[in-house]
Every structure is written in structure tokens, then in C-alpha cells.
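[1] Pasting the sequence and the predicted model now:
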Number of protein chains: 2
Amino acid sequence: MGKARDAYEKLILHWKETATLESCAAVLGWDRETYMPKAAAAHRAEQLRSLSGIAHDRNIDPRVGDWLGECESSELVGDVISVEAVNIREIRRSYDKKINLPRSFVEELTRATSLAHQAWAEAREASKFSIFQPCLESIVRLKREYIGLQGGDDAPYDTLLDDFEPNASVAEIDEVFTDLSNELLPLIKEVRESSKQPTTSVLAGRFARDGQRSFGEAVAGAIGFDFDKGRLDTVLHPFCTGLGPADTRITTRWDEGNFASAFFGIIHEAGHGLYQQGLASEHWGTPMGDAVSLGIHESQSRLWENIICRGRPFWEYFYPKLQSSFPEQLGAVTQNRFLQAINHVELSLIRVEADEATYNLHIIIRFEIEQRLVTGALSVADIPEYWNQKYEERLGVQVPNDASGCLQDVHWAMGGIGYFPTYTLGNLYAAQFYDQAKKDLPDLEDQLAQGEYRQLLNWFRTKIHQEGMRFSARALVERITGKPLSHKFLVEYLRDKYTELYAL
Amino acid sequence: MGKARDAYEKLILHWKETATLESCAAVLGWDRETYMPKAAAAHRAEQLRSLSGIAHDRNIDPRVGDWLGECESSELVGDVISVEAVNIREIRRSYDKKINLPRSFVEELTRATSLAHQAWAEAREASKFSIFQPCLESIVRLKREYIGLQGGDDAPYDTLLDDFEPNASVAEIDEVFTDLSNELLPLIKEVRESSKQPTTSVLAGRFARDGQRSFGEAVAGAIGFDFDKGRLDTVLHPFCTGLGPADTRITTRWDEGNFASAFFGIIHEAGHGLYQQGLASEHWGTPMGDAVSLGIHESQSRLWENIICRGRPFWEYFYPKLQSSFPEQLGAVTQNRFLQAINHVELSLIRVEADEATYNLHIIIRFEIEQRLVTGALSVADIPEYWNQKYEERLGVQVPNDASGCLQDVHWAMGGIGYFPTYTLGNLYAAQFYDQAKKDLPDLEDQLAQGEYRQLLNWFRTKIHQEGMRFSARALVERITGKPLSHKFLVEYLRDKYTELYAL
């Protein structure tokens, strides 16, 4: 046991040091999106390449394999959900994937994505997919090479998915997405056909950026985001990033003609931030101090953004405050009309602006495109046409240009093929968790109506954040809710909400 | 030759990669001063420790010694000012210094300076030198140990100086500083006794931060600072930092009650920034793409801050624009009165607030103290008394407390003994370069009066920036001006300026 314990301590020290280096790269990544001068992009790519190369060498250090071997044949893994066993299991998963990748491949992928990011931004600005196309072709080629290196040719898309939602499979996701789609489409139809439609013009007006910022920061702070350990900045494509155990940065973009855009964006990222800030800092840099999966991460952002902050109880408390911040714009708008307007269901072009119901249709289209890209059934050059066709079919909207179409999202430029499904998984998890939270905290909605979020946050802190990677996403859902993942909770939540708002 | 060329290529590749890593640390350092949440400080220290450890290991990699040996016995060093010979010479200098330092020493110095920084901040807050004294004693002891490790016991202060102003010597600096002091003291006396004194109250008023920022950025841009390759942010202690070949960041602090403070600060940092942006980007990460010395760096910041932007021709063009930016505050102030006010000569306590003439007296006192500390002629405990006595003698001011006296600067807490002289060297270089520039560009002052700075910048670009470390500071001065470094140019420049402004 002494020898295994010794190997374990060395393994953890080594892993934490690598995490420290990776957190340096996170600072550079954050800066690239927020403040970096444009012309610095090429050198930033070099910097990130260099750091990722060093981190990669550390990740595949043969001593890691030796230490793991020593630990795995010891009592340390006796209790499979002990801190040690979880760390050993997850470091093994990561190690086994990483040793399959030559350093040259890792550096090439890093460089390709850095350059692609710049090209994507330009392409989007010019609304011209062809500017981005060669970079995306490189990325798709590298992703297929990646699948080959991981021995994943039999289940190519699962191999990519695994990097974002460990242990998930196309088969499983396909089933729940199909069930969801089958119930969502008629629900959306009912909502669209309801004679009671919101007056979205109540949200019109000019909402000064400073006022938006103070209100957004006040709400993020109220739900528990700690600004002593984080901050909010302005970017083109909002995200949340953890740069260290006490350094979580959220970002947003501002639209002075639309209060909802930045506000719900801020809360979304603050939801991610609450997960980051809730991770066990004593386990920082190890799997026990890391998030379960992107789907679970997204469940936290979606919960706060949608279920809480688009809900009636939340605005019972905050609507008068919002009216005081924007008396000219909202003084004469009743809470009810405001609530209807921020929950307007609409067939639209832009994923990040979509409502809770149609949002999932945007995801399902991307999920289909990605699967086809990976197998080669769809070429990169054909993305715009395929995209536009699917948007017309499913959402009934005409895509006027690439910027509002297939260039709207940054994910592919980041190499994030297999990432999109985690958004809808997040919606599903969130609804299922919230259903359970209401059972566990019977006066929860009264608390929300009083601006009181500590018990709910604490429920998540204890059941999810502090547990790190102890359980897989699937196991966590079953453990917390007593039931496997199902589309039913999300559908029920949406049906209840719209029944009231749209008088279905 | 093939073998040496091969060794050279490997050396350069290795050195550039280390520079890339060091530039990652520069990003983290910039973020720490600008945007990092307070609670993240401990992890940021870990991140920087990790990066500097990796860079140090690379810097003392024995292969560097092997490659250097191969290069040094080859034709590559035949022409001593060829790109290759310069890179080889300077990498050798750096390598030979770094391999003399055991890791334990480097770590002890790092620990001592980080403790000292804290103690200095506390001591300054409490205005009590005794709080800082033990830490400064450790630093002085370590600096003497450093001198021993570098084999510099015969010329102890020169050894420290060399880290900031390579190849400079006490003897040489002492001579020029003494000459300077001998001529400055009577000049300052004349100025102080002149019956024509500026009305500094013309600068009073409230100068809104946004207005200060736009004017400062406009001027920085006009003199050539490229905001596509850089930016300006707000900090507590302003600095300029290079994060890559196209990423130079300047910083400032704002004082709404004092227009001059941020403005000249911005131009000072922009002057450093122009040097950074003018370095040969194809040589980035090697000595040929690096600055000659801190003194030469400072010559660039001082030139733009003082000689150009406190000069009459500059304000011929910009004063009407400044008045339009602040009509209430400056509308009724004539250009002449404004010019007198921003060039007010005053015997004062604080170095960073001193005017162009008296500034150098502050430096000379520190230079004397440092030399005595290093040889042991002055003990750390006796600094306050010595300091206060010299301030009374030279500047005729009574130092009321340690905070306004020997605790005002952070440099010693950072281990920067030998750094101060580079400030006055910068002033001397700047005046000597400017004298030559006026000869080479006969209508220079007309150009300045028309807001035209390209020819002057280009003169510096060609003669200094693009040359990297090809020449030592001393050689560069002689090469550009045809004369060795002399106090005469600075004295003449100041005498001309004050003769006019103070009607001497």
C-alpha cells in the first residue's frame, strides 16, 4: 500500500502541475477573445501551440502509465467511488486517449483551430462561408484522423462525442432526441397557433449598456456568482472559462435595442460560472475537482437562464427592480406581458436567440450535419446548402445569408465537432434535476419569489458541483432523480409553462 | 560550416521556443495587473512559477552550450555584427550568466523578493522602514551572493548593472552623472530664482476620464503607436509590456483632477511601445529582435514624453485640439501658459512626479546608495538617514516620512538593484539622439508643429529599433551621433528650454 500511495501522490502532483500549465493556456484563450489586438492572432496561436505541446508531453509521460498501473493493482481502487479511485479511473481514461496522439498531431490541431478562429470571424463579418471553408476542411480532416488514431472507426461520431460527453453514444442520444422532437413539434405547433400571442414590442426601446451591465451583474451576484473570484467582459461570442480555482470569467455581448439578449446570456454564463465556482477547490486540477461533462455543465447554465430566470417566481422579485432600472422602457409594461414577451416561442434563424422549445431543433440539425461530416456523407463545401434546406424544412425559415446561417456558431472553428448535442442534453438534464429539486425543496418557488437562491444553489453544490467526476452524467442523473434520462421532464416543463402563458 | 549552421538553427529554434513560453508568462503578468480578480493571486503565482521553471530549464539546457561551442568555432562569427554573430554572442552572455546560478539560489531569490514585495507594501502603508528592513537585508545579501556566483567581486556593482544595462560600468556612469549634476544644480537654481514662474493652477479642473482617454489614444496613435498591434488599459502602477511581435500593451492610471498625470504617462509608455513595435519581427525571440538595454528603452519613452510632448512644436499642433476636448478647463488658457505649467521645475520628494531637470537628482541619490549597499559601505539600517540627508543636501527638501522618502519606489523589493541609473541614462541618450535627429532632419521641428512624426519615428526605427542588440548601448550612441555619451546634450537641451520658458 505504501508503494501505491506513493505512486498516487506522484500522479496527482504531476497531474495538478499539468493542469496549472493548461490554466495558463486558459488565460491566453480568454485574452484572445476579450482584449487581444487583432494582429496578435498568429503569435497567440504559437503560444497556445507551445503550451499545449508541453502539456501533452506531460500528459503522455510514461511515468503516468507506471503510476496508474501501480495504483490500479492496489487497494486504492477498492471503493470505486472514493476520491482516489475516481481520480485514477479518470486519469486513466484521459491518458489512454492522449497516448494515442502524436505530438505533431496535437500541435497541428491546435494551430489549425487558432487560425480557423480568425478565419471564421472574418467569414462571419463578411457573411461568406468560402473564407472559412478551407480552415473547416482542415479541421474535419484532422478530426477524422483523430478518430482513426483513437481506433474509433466503427463508431466515429461516438469517438468525438466522448470528448464532450464521456460515455455517451449516438444511439442513446438519437433515441432521446427523437422522442423529444416527436413531442416538441406538436407542442410548438399548438403554441404558434394559439390565439394568445405575446406583444414582443413591449421589449422594444433603447436599453443603455451601463444599465444592462449593472442589472445583469446584480442578478448574477444574487444567484451566487462571486465577483471576487470572477469577472464579466465583452466578447463577440460569449463563453465562461475557468482560469484557476478562484478565477472564473464570464462574458457577454451587448445589444442596446434588446434587453433580453445580454441579460439571459449573462445568466447563462453565470450558471456555468456557478458550477466552476462550486467545484471542490481542494481537488482543483484533478478529476474530483472537475466537471462531469459538458451536458451537465450546460444543465447548470440552462437551469439558471431558462427555468429560473425566465420563470414567474424569479420576476415576482426582480421585475420591479428591472422597472426601476429602465422606467421609461418598462414602467408601463405589466409583469405578465413582460413574462410572455421573454418566453415568446418563435421559429427563428439564430440558435443563441432561440426560445427554450425551438432551441432544440437548432441542435438536432447541427447533430445531423456533424454526423454526416464525420462519415463523409456531407462535404464541407455543401454545408451552407444543407443547412439552409434543413432550416426551411424544420423551422420553416429562409436563411438569408451565411452569417445568419452556418457561420453563426464558433464551435466548429474551435474543433468542437460533437459538442452541440450537449446543449440539448443540458436542457434535458436541467428539467429532470429541477423536477427533483422541487420535490426536495417543497417551498422552492416561494424562495425564488423572494429573491432567495441559496438553498437551490446549495442543492446543486452538494449533489453535483462538489462531486466532481465521481459519477458519469448518466449515473448522476439516475442517482439524483432516481430515474434514467428522459425527454418527459423537459416536455412536461415546457407544456406547463406554455399552457399558462399561451392559454393552450 | 554545415555542422555549425545546423547547430545555429537548432539554437535559434530552441531560443525562440523559450521566448514564446516567456511571452505566455507576459500575458499572465499583464492580466494580473489589469483584469485578474483579487482572489486569483495565489494561483497566478503558481502559474508563473510553473512557466518560469520550464523556461529556466530550457535556458540552461546543456545542448545550448554545445550548440554555442559549435557556432563559436565557425565562420558564423567571422563578421561580428552579422545577425548570426550577434545572436551567438548575446545568447552566450545570457547562458553563461544563467548556468552560474544553482536552482536553489534562483528559488531563494524568488522567495525573498516575493516576501519583500509584501513587506515593502506594508512598510510603505505604515511609512515605517523598519518593517521592510529585514527583507531588504536578505535581498542585499542575496545580491552580493549573486555577484560572487557571477565572479564579479572585483566590480560588484557593475555585475548588477549588467543585467539592466549590459556592458555599462560604474566608472563610466559616475563620470557622466557627476558632470551632469555639476551643471544641473546651477541651472535648477537659476530656474528657481527666475522672476518668471508658471501659474500651475491653469491645469486645475476636472478632466473626465473618457476625454483624457480619447485624447491620449489620439496622440499615441499620431506619434505612431499601432493600436492594431497593441492596446491601452488601466492599472495601479503603469507599465508597457510586449506579449509578442504584434502585441504591445501600454497601461496608465487616471487622475481626473490632473490632466498631465495620465497624458504624459500614456506617452511615456507609448514611447516604450514604439520601440517594441519597431523591433524586427522576423528576429522576434532572438537577441537581434530584442531591445539593447533598459537605458536605450528609456531613451525612447523619455524622448516622446518629454522632448517631443512637452515641447512647443508639439503643442502648436495639438493644443487647439486639447482645448476642443476640454473647452471649459482650457478654453481660456493660452498655449504659452499651458506650456509653462507642464514644464514647471520644482524641488520635490517623489521621483515619479519630478520634472525633467530635477528627476536626475533623484536618480543620482539612488545610484550612490546602491553602490554603497553593494560594497557594504552603507548598511540597510542606515538608508533612511542617508536618504533624508541627501535629499536635503541636493534637493533642499525635508523628507517628512519614509513613505515619501526611501520607501517610495518598489524597485529594491523586486531585487532591482542597479536598475535606477538606466532612467537617467535614458534621459542622456534621448537628448543626444534628438540633437542628432535635428541635424539629420533639418525641418524636424516644423514637421512636429504640423503633427507629422513619421520621419522622426522612421529615423529611430532604422537607427535603433531594427538593429536589435547588434550594438551595445555605448557603441550605438557613438555610431548614431558620432560622439561618446556626454551630459552636454541633456544640459544644453534643458538650458535652451528653460531659457525661453523662464526667461533666464
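    Yep, it's here.
[2] Up against chain B, what does chain A have?
    Residues of chain A found near chain B, taking CB under 8 Å from any CB of the partner chain as the criterion, are A:17, A:20-21, A:23-25, A:27-28, A:31, A:35-40, A:42-44, A:46-47, A:50-51, A:54, A:227-231, A:233, A:243-247. (C-beta placed from N, C-alpha, C; glycine too.)
[3] Just the buried residues from those residues, in ChimeraX please.
    Per 16 or more other CB atoms under 10 Å in any protein chain shown, the buried members of these correspond to this ChimeraX selection:
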select /A:17,20,21,23,24,25,27,28,31,35,36,37,39,40,43,44,46,47,50,51,54,227,229,230,231,243,244,245,246,247
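[4] how about the strands in the stretch 151-300 of chain A?
    When secondary structure is read from DSSP state E, counting those that start in this stretch, the stretch 151-300 of chain A shows strands at A:230-234, A:240-244, A:247-252.
[5] Packing partners of whichever strand or helix holds residue A:439?
    With elements delineated by DSSP states H and E, residue A:439 resides in helix A:421-440, which encompasses its position. In this structure, helix A:421-440 packs against helix A:170-193, helix A:294-302, helix A:359-375, helix A:444-449, helix A:454-463, helix A:473-481, helix A:488-502, with contacts taken as 3 or more CB pairs under 8 Å, 6 or more residues apart in numbering or on different chains; DSSP states H and E.
[6] Let me know which of the ones you listed is tucked in deepest.
    Of all the helices and strands packed on helix A:421-440, helix A:294-302 carries the top mean neighbour count, a mean of 26, counting by mean count of other CB atoms under 10 Å in any protein chain shown.
[7] just checking, next helix/strand downstream of that helix?
    Toward the C-terminus, helix A:294-302 is succeeded by helix A:312-325 as the next helix or strand (DSSP H and E).
[8] relative orientation of that next one and helix A:488-502 in degrees?
    Between the direction of helix A:312-325 and that of helix A:488-502, the angle (axes from the mean of the first three to the mean of the last three CA atoms, to 10 degrees) works out to 50 degrees.
[9] Give me the contact list for helix A:312-325.
    Residues from elsewhere that reach helix A:312-325, judged by CB atoms under 8 Å, 6 or more residues apart in numbering or on different chains: A:211, A:214-215, A:218-219, A:308, A:330-331, A:333, A:335, A:338-339, A:445-446, A:448-451.
[10] Report how many residues lie close to residue A:114.
    The local packing of residue A:114 (other CB atoms under 10 Å in any protein chain shown) involves 25 other residues.
[11] ditto for residue A:440
    Neighbours of residue A:440 under the rule other CB under 10 Å: 12.
[12] these two touch, right, it and residue A:460?
    No. With contacts defined as CB atoms under 8 Å, residue A:440 does not count as touching residue A:460, sitting 11.1 Å away.
[13] ok, and the closest non-adjacent residue to residue A:116?
    Here the nearest residue to residue A:116 in space, its sequence neighbours aside, is residue A:135; by CB to CB, 6 or more residues apart in numbering or on different chains that works out to 3.7 Å.
[14] which stretch among the helices and strands packed on helix A:421-440 comes nearest residue B:433?
    Using CB to CB as the measure, helix A:294-302 is the one of the helices and strands packed on helix A:421-440 that comes nearest residue B:433, at 56.2 Å.
[15] related to what we said a few turns ago, give me the angle between the helix or strand hosting the residue nearest to residue A:116 and helix A:359-375.
    Assignment of secondary structure by DSSP H and E places residue A:135 within helix A:129-149. On the basis of the same axes, to 10 degrees, helix A:129-149 is oriented at 70 degrees to helix A:359-375.
[16] about what we covered before: which stretch among the helices and strands packed on helix A:421-440 approaches residue B:114 most closely?
    Ranking the helices and strands packed on helix A:421-440 by proximity to residue B:114 (CB to CB) places helix A:454-463 first, at 33.2 Å.
[17] So chain A: which segments form each domain?
    Chain A breaks down into these domains under automatic domain parsing: A:2-155, A:170-502.
[18] can I get the CA coordinates of stretch A:285-298 in CSV?
    Coordinates of each C-alpha in stretch A:285-298 appear next as CSV, following Å, rounded to 0.1, in the frame of the first residue of the first chain:
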residue,chain,number,x,y,z
GLY,A,285,-6.5,20.1,-11.2
THR,A,286,-7.7,16.6,-10.7
PRO,A,287,-10.9,14.8,-11.9
MET,A,288,-12.5,15.1,-8.5
GLY,A,289,-12.3,18.8,-8.9
ASP,A,290,-13.5,18.9,-12.5
ALA,A,291,-16.9,19.0,-14.2
VAL,A,292,-18.7,15.7,-15.1
SER,A,293,-19.4,16.6,-18.8
LEU,A,294,-20.4,19.5,-21.0
GLY,A,295,-24.0,18.3,-20.8
ILE,A,296,-24.1,18.5,-17.0
HIS,A,297,-22.3,21.9,-17.3
GLU,A,298,-25.0,23.0,-19.7
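[19] Where is the longest helix in chain A?
    Counting residues, the longest helix in chain A under DSSP state H turns out to be helix A:2-34.
[20] For that one, buried residues please.
    Judged by neighbour count (16+ other CB under 10 Å), helix A:2-34 contains these buried residues: A:4, A:7-8, A:10-12, A:14-15, A:17-34.
[21] Could you dump the domains of chain A into CSV with mean pLDDT and distance to residue B:141 added?
    Below are the domains of chain A laid out as CSV (pLDDT from 0 to 100; distance: least, CB to CB, whole Å):
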stretch, mean pLDDT, distance to residue B:141
domain A:2-155, 95, 31
domain A:170-502, 96, 33
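[22] how about those, which one is nearest residue B:253?
    Between residue B:253 and the domains of chain A, the shortest gap by CB to CB is with domain A:2-155, which sits at 17.6 Å.
[23] ok, back up a step: going on from the longest helix of chain A, what's the next piece of helix or strand?
    Heading C-terminal from helix A:2-34 (DSSP H and E), you reach helix A:41-59.
[24] Can you give the distance from the next helix or strand after that following helix to the centre of its chain?
    Elements were assigned by DSSP H and E; along the chain past helix A:41-59, the next helix or strand is helix A:62-72. Helix A:62-72 sits 32 Å away from the centroid of its parent chain (CA atoms, centre = their mean, to the nearest Å).
[25] Stretch A:72-88 now?
    Between the mean C-alpha point of stretch A:72-88 and the mean C-alpha point of its chain there is a distance of 29 Å (CA atoms, centre = their mean).
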